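Undergrad: sequence unavailable; structure follows:
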DNA sequence: ATATGATTTAACCAGATGGTTAAAGATATA
DNA sequence: TATATCTTTAACCATCTGGTTAAATCATAT
């Protein structure tokens, strides 16, 4: 067998599908466009992935996994909370900066097929409870303000994700369509978000 | 002319279209489904709105306008900054609580047709500069921390909007699919977001 | 050399979709 | 009653879309 060829084509298809699906979503994407993008024809596309649904699920699962990186390691380590949160925010926004279209893709698709979403999440084995417990210990220790740990987690995710998900909107409304200005603004978010969060919750 | 009947049908269509478009987006919506939802037939639908595109644009513009309420009045008033921001956050989250699907709809569509988005925004006459200037004055007066006013605005919008836009995801991941629990959590967001923001920026 | 899998070509299909049309009813107004 | 508008019915069309198929070609490992 020509494994190399097979791998290469499958990879080409997955890359093409990711490009198209991320830009246009499941509903807005066309199999023909994915085939074109991959430099192959539609027949071969179906030869590898029988249906659009299967191809989409492969992409969604892949992107979704990348969107929730392994944060357990250092979030549950012995670092001071300030450093833990700082590291997480930095890593997370860096991840999004490397994949700026992930947020809008994920947000677009999570409401389309909740059952499939549940499947993907469960196969992930994400367990935020440990992190919530860690937050609560820090509160009891008097290191951070008392609050619902879920509020804290959601606020951090929100501030990290939203400026990318709403990019076209914010770009026009707040940056006069100056894309360079907005991009350099986004690069600074690692620091500004960190500052905003720590200023809000840290007890000095 | 039977203006009443006309108005009524047009309204029925707009309501139906809003329901369907908001749930499924432009690409995922079908004219037949909108007709069914309005209790009329497809021919009449095209009699009122010639094309799907025109109907969608009507809905998007309407929803978009509602999503950016008149905040100028009190944001530029003589209230202390604490009260201004508190009022805005309360009003804004209340608005979303009344229309919980607006955020995901707007986010879904803003990246689909940026030119149309620009048109809608411009027809809105939104001018955030006055509010940014107000923020800057408050910073100079030493009432709030120094920061880019756009960061502040974006953070508030992010924390208000994100938990609704990512509802299915958060609901599964953080609330074990307990919808009631998540809904009552969302109702508290008016207070928790306000607290989070003010704790971060206020200089006491 | 041949068998096997990868790839292309090209035609095809069924169903859905947006949109049109014509004719007939219904309804209100003048 | 006559007129104009609103509404339905139902058939129809062109196009697109996902998906299939069969035959031919290409590449490669044995």
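TA: The structure has been received and is ready for your questions. Not measured: the values here are computed from a predicted model.

Undergrad: quick one: contacts of the helix or strand of chain A with the lowest mean pLDDT?
TA: Lowest mean confidence among the helices and strands of chain A (mean pLDDT, DSSP states H and E): helix A:72-75, at a mean of 85. The contact list for helix A:72-75 (CB atoms under 8 Å, 6 or more residues apart in numbering or on different chains) reads A:84, A:87, A:88, A:130, A:131, A:134. Yep, even glycine has a C-beta here, placed from its N, CA and C like the rest.

Undergrad: can you list the residues you listed in CSV and add neighbour count and distance to residue A:46?
TA: Output for these, formatted as CSV (neighbours: other CB atoms under 10 Å in any protein chain shown; distance: CB to CB, whole Å):
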residue, neighbour count, distance to residue A:46
A:84, 20, 47
A:87, 17, 44
A:88, 20, 41
A:130, 11, 43
A:131, 19, 42
A:134, 17, 47
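
Undergrad: and those, which two are furthest apart?
TA: A:87 and A:130 (16.4 Å; CB to CB).

Undergrad: grab the nearest non-local neighbour of residue A:46.
TA: Once flanking residues are discounted, residue A:46 sits nearest to residue A:31: 7.7 Å by CB to CB, 6 or more residues apart in numbering or on different chains.

Undergrad: wait, the one you found touches residue A:45, no?
TA: Yes: contact status for residue A:31 versus residue A:45: in contact at 6.0 Å, counting by CB atoms under 8 Å.

Undergrad: more crowded one of those two?
TA: When residue A:31 is set against residue A:45 and neighbours are counted by other CB atoms under 10 Å in any protein chain shown, the residue ahead is residue A:45, at 22 against 16.

Undergrad: show me the beta-bridge partners of residue A:144.
TA: When bridges are called by DSSP bridges, residue A:144 pairs up with residue A:202.

Undergrad: please name the residues that touch it.
TA: By CB under 8 Å, 6+ apart, the contact list for residue A:144 reads A:81, A:135, A:138, A:201, A:202, A:203.

Undergrad: with adjacent residues omitted, what lies nearest to the residue positioned nearest the centre of chain A?
TA: Centroid-nearest residue in chain A: residue A:67, 3.3 Å away (criterion: CA atoms, centre = their mean). In this structure, residue A:67 finds its nearest non-sequential neighbour in residue A:102, 5.5 Å apart by CB to CB, 6+ apart.

Undergrad: and residue A:65, that's in a strand?
TA: No: under the criterion used here (DSSP: H, G, I helix; E, B strand; the rest coil), residue A:65 is helix, not part of a strand.

Undergrad: please report the distance of it from DNA strand C.
TA: 25 Å (CB to the nearest atom of the strand, to the nearest Å).

Undergrad: over to residue A:82?
TA: From residue A:82 to DNA strand C the distance is 51 Å (CB to the nearest atom of the strand).

Undergrad: could you do residue A:38 as well?
TA: 8 Å.

Undergrad: what's the nearest residue to that residue if we skip its chain neighbours?
TA: Nearest non-adjacent residue to residue A:38, counting by CB to CB, 6+ apart: residue A:16, 3.6 Å away.

Undergrad: which strand or helix spans the one you found?
TA: Assigned by DSSP states H and E, residue A:16 falls within helix A:3-28.

Undergrad: how distant is that helix from the center of its chain?
TA: Distance of helix A:3-28 from its chain centroid, counting by CA atoms, centre = their mean, to the nearest Å, is 18 Å.

Undergrad: is stretch A:9-18 in proximity to DNA strand D?
TA: No: figure legend: stretch A:9-18 not in contact with DNA strand D (CB under 7 Å from any atom of the strand); closest approach 11.4 Å.

Undergrad: just the buried residues of that stretch, please?
TA: A:9, A:13, A:14, A:16, A:17, A:18 (16 or more other CB atoms under 10 Å in any protein chain shown).

Undergrad: hang on, the earlier thing: quick one, what contacts the residue nearest to the centre of chain A?
TA: Counting by CB under 8 Å, 6+ apart, residue A:67 has contacts A:95, A:102, A:106.

Undergrad: good, wrapping up.
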